[in-house]
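**Q** Generate coordinates for the sequence data below:
(one chain, ligands or ions: 3)
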Amino acid sequence: MELKSQLVKKSDYLWELPPHVKKGMRVPAQVYASKKILEEIGGDKSLEQLTNVAMLPGITKASIVMPDVHEGYGFPIGGIAATAWPDGGISPGGIGYDINCGVRLLTSNLQKEDLKGRGEELAKALYAQIPSGVGKGGNIQLSEKELDKVLTLGVQWALKNGYANKEDIDKIESRGRLDNADPVCVSEYAKKRGIDQLGTIGSGNHFVEVSYVDKIFDQEVAQIFGLREGQLTILIHTGSRGLGHQIASDYMKLMVASMGKYGIEVPDRELACVPFNSQEGQQYFKSMAAAANYAWCNRQVITWEIRNAWKEFFKGKDTKLGVLYDVAHNIAKVEEHVVEGKKKKLIVHRKGSTRSFGPGHPEVTECYKSTGQPVIIPGSMGTASYVMAGTAQAMDESFGSTCHGAGRRMSRRAAQRAVNIHELEKELVGKNIFVRAGSRSGVSEEAPIAYKDIEEVIEVVHQAGLAKKIARLRPLAVIKG
Ligand SMILES: Nc1nc2c(ncn2[C@@H]2O[C@H](COP(=O)(O)O)[C@@H](O)[C@H]2O)c(=O)[nH]1
Ligand SMILES: [Mn+2]
Ligand SMILES: [Mn+2]
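**A** Numbering: from 1, shown residues only. Ligands and ions are numbered 1, 2, ... in the order given. I've put the predicted structure just below:
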């Protein structure tokens, strides 16, 4: 029987597939969605993949997806899988090829009015300053020794080398550094791919976007986050570039080859995993941490590039740019969560989902302790993006996680077929949104129509209590790879 028809309604925003729907499921499969979002789910393999994830060794409580869910490599994008520490499975497919792909939000001291019809000019200036495009190298030439330092130190490397301010560090998830990173576990080829890409956006869905605060939902929290109506802000979305991709490929192969040794069977090779505490599991985890550090450093160097361009562009104005927060949405972390009343150490895989730790959590930086961590959810180049805050309910229900975007509703190819680029450009300019991109076909693939309705996705996570709406952003100038 079709999986979708077997979903059991748990609440207006939560649906469940009990373990008996498919042989091998160890836990239920949960979907956070409204009725409208559910209508769009099921046209791809995401529900099939969600139930496959429920078969992972050591999976705890449930295999979970958020309303931005769509089909991914083995695991659905928009998902969370927590496995028992220390011997539950760790799977590169549950993290994704772009290790620590994530989003950073910068806040400015300028208002929308300060841009005064210069949106297109600003898009050009940023495009000239920030390297983008497939396989594109950047302006920083690292030696092999320096690259190892980036992999080990993360944003601390950027601080030591003049690309970060001290205040930036506290506003980054894990303070921009996972300390178990070990460059020795990273292949030479992965390093070769990463050596000249620091400070580059990459291609496709990655972007830098100047936006403005269009609406505030919670004045008190917005003030603590440093947000006010009309303020210019900047979103940065990118990850660990070729280096992270190569690490994922290398370890995917290793895991496929090693699973048998540990008696692990999975319904799809793309779910390949090994016990976390095995030699291969530890090597991957150390390598993944190195890629995560590279990605944080990448978003930091891009911040530095933007700061330079901003200073030049808004000469004579207050050009300070602060970091509001930086979140990872493709990562695995060892965390403690309460499951059935007991504290448990777990390996939490977030693949296309964002950490949403609530108020008072020890890992939330001091300045956001009272509000919960900021959660940054991009929508699309033509719609809104959201700033939210983490909640206690997310801690109880979803291993402290929420969605990471609107999520694709169309494949890249389908979007290319459906979108008339001339009309799209006209529509965006009509809304005063200026896009600069490496290729026009790339822009079609990223058209707003290719993504789900961000308003509906946000409403689901807000109403379900997994994150709280704080502010809405609207795009003005978008740089795409
Ligand atoms: N504000 C913008 N949001 C965008 C843009 N392009 C994509 N997106 C959103 O980002 C997420 C990221 O998802 P990922 O799985 O690719 O990491 C995606 O779901 C979209 O909702 C943009 O140009 N501006
Ligand atoms: Mn991403
Ligand atoms: Mn990415």
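**Q** Now do the helix or strand of the chain with the lowest mean pLDDT: distance to the chain's middle.
**A** One helix or strand of the chain scores below all others by mean pLDDT, DSSP states H and E: helix 440-445, with a mean of 90. Counting by CA atoms, centre = their mean, to the nearest Å, helix 440-445 is centred 21 Å from the centre of its parent chain.
**Q** So for it, could I get the coordinates as CSV, restricted to C-alpha?
**A** What follows is helix 440-445, C-alpha atoms only, in CSV (Å, rounded to 0.1, in the frame of the first residue of the first chain):
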residue,chain,number,x,y,z
ARG,A,440,20.9,32.2,-16.6
SER,A,441,20.0,28.5,-16.6
GLY,A,442,21.2,28.4,-13.0
VAL,A,443,18.8,31.2,-12.2
SER,A,444,15.8,29.3,-13.7
GLU,A,445,16.7,26.2,-11.6
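**Q** For that helix, list every residue counted as buried.
**A** Judged by neighbour count using 16 or more other CB atoms under 10 Å, the buried positions of helix 440-445 are 442, 443, 444, 445. For glycine as for every other residue, the C-beta is placed from the backbone atoms N, C-alpha and C.
**Q** Could you do stretch 393-400 as well?
**A** 393, 394, 395, 397, 398, 399, 400.
**Q** out of those, which one sits closest to residue 33?
**A** Nearest to residue 33 out of these is residue 398 (CB to CB; 13.1 Å).
**Q** how about the residues of the stretch 1-150 of the chain that lie near ligand 3?
**A** 98, 101 (CB under 5 Å from the ion).
**Q** Compute the distance between the closest residue to ligand 3 within the stretch 1-150 of the chain and residue 20, please.
**A** Distance from ligand 3 to each residue of the stretch 1-150 of the chain (CB to the ion) is smallest for residue 101, at 3.0 Å. The gap separating residue 101 from residue 20 is 35 Å, by CB to CB, to the nearest Å.
**Q** Pick out whichever of these two has more residues nearby.
**A** More neighbours surround residue 101 than the other of residue 101 and residue 20, with 26 against 9 (other CB atoms under 10 Å).
**Q** ok, for the more buried one, nearest residue in space, not its chain neighbours?
**A** residue 239 (3.3 Å; CB to CB, 6 or more residues apart in numbering).
**Q** Report how many residues lie close to that neighbour.
**A** Residues lying near residue 239 (other CB under 10 Å) number 29.
**Q** Please list all residues in contact with it.
**A** 98, 99, 100, 101, 102, 202, 206, 295, 298, 330 (CB atoms under 8 Å, 6 or more residues apart in numbering).
**Q** Repeat the analysis, applying 10 Å as the threshold.
**A** Contacts of residue 239 were listed using CB atoms under 10 Å, 6 or more residues apart in numbering, and they are 96-103, 201-202, 206, 245, 291-292, 294-296, 298-299, 328-331.
**Q** just residue 311 next, same as before
**A** Residue 311 touches 317, 319, 320, 321, counting by CB under 10 Å, 6+ apart.
**Q** secondary structure class for it?
**A** helix (DSSP: H, G, I helix; E, B strand; the rest coil).
**Q** Use 190 as the first number from now on
**A** Right, with 190 as the first residue, what we last looked at is residue 500.
**Q** pLDDT at it, what is it?
**A** Residue 500 carries a pLDDT value of 98.
**Q** any idea how far residue 634 is from it?
**A** Distance from residue 500 to residue 634, by CB to CB: 33 Å.
**Q** Pull the most distant pair out of the buried residues of stretch 582-589.
**A** Checking the buried residues of stretch 582-589 with CB to CB, the most distant pair is 582 and 588, at 11.8 Å.
**Q** what touches both of the two?
**A** In terms of CB under 10 Å, 6+ apart, residue 582 and residue 588 are both contacted by the residues residue 545.
**Q** Ligand 1 contacts on this protein?
**A** 257, 266, 290, 394, 396, 398, 424, 426, 541, 567-570, 574, 593-596, 635, 640, 664, 667 (CB under 6 Å from any ligand atom).
**Q** In this structure residue 327 contacts residue 385, no?
**A** Yes - counting by CB atoms under 10 Å, residue 385 is a contact partner of residue 327 at 6.2 Å.
**Q** still on that earlier bit, other SSEs contacting the least confident helix or strand of the chain?
**A** helix 601-607, helix 610-619, strand 623-626, strand 656-669 (3 or more CB pairs under 10 Å, 6 or more residues apart in numbering; DSSP states H and E).
**Q** Tell me which residues touch residue 463, please.
**A** By CB under 10 Å, 6+ apart, the contact set of residue 463 is 246, 276, 278-281, 440, 443-448, 450-451, 453, 469-473.
**Q** cool, and residue 613?
**A** 570, 571, 624, 629, 632, 633, 635, 636, 637, 638.
**Q** Give me the lowest-pLDDT entry from these.
**A** At the low end of pLDDT for the contacts of residue 613 is residue 629, which has 86.
**Q** any idea what sits nearest that residue, other than its immediate chain neighbours?
**A** Excluding the flanking residues, the one nearest residue 629 by CB to CB, 6+ apart is residue 610, at 5.1 Å.
**Q** How about residue 394?
**A** residue 635 (6.3 Å).
**Q** now residue 291
**A** Nearest non-adjacent residue to residue 291 (CB to CB, 6+ apart): residue 517, at 4.2 Å.
**Q** and residue 619, how many residues sit next to it?
**A** Residue 619, neighbours per other CB under 10 Å, totals 8.
**Q** Kindly report the same for residue 356.
**A** 10.
**Q** quick one: contacts for it?
**A** Residue 356 touches 511, 512, 556, counting by CB under 10 Å, 6+ apart.
**Q** follow-up on the earlier one: and the residue nearest to residue 291, how far is that from residue 564?
**A** 12 Å.
**Q** Quick check: neighbours shared by these two?
**A** Counting by CB under 10 Å, 6+ apart, the residues touching both residue 517 and residue 564 are 292, 543, 544, 593.
**Q** tilt between the host helix or strand of the first one and strand 656-669?
**A** Going back to what we said before, that points to residue 292. Using DSSP states H and E, residue 292 falls within strand 291-300. Interaxial angle, strand 291-300 versus strand 656-669 (axes from the mean of the first three to the mean of the last three CA atoms, to 10 degrees): 80 degrees.
**Q** Thank you, goodbye.
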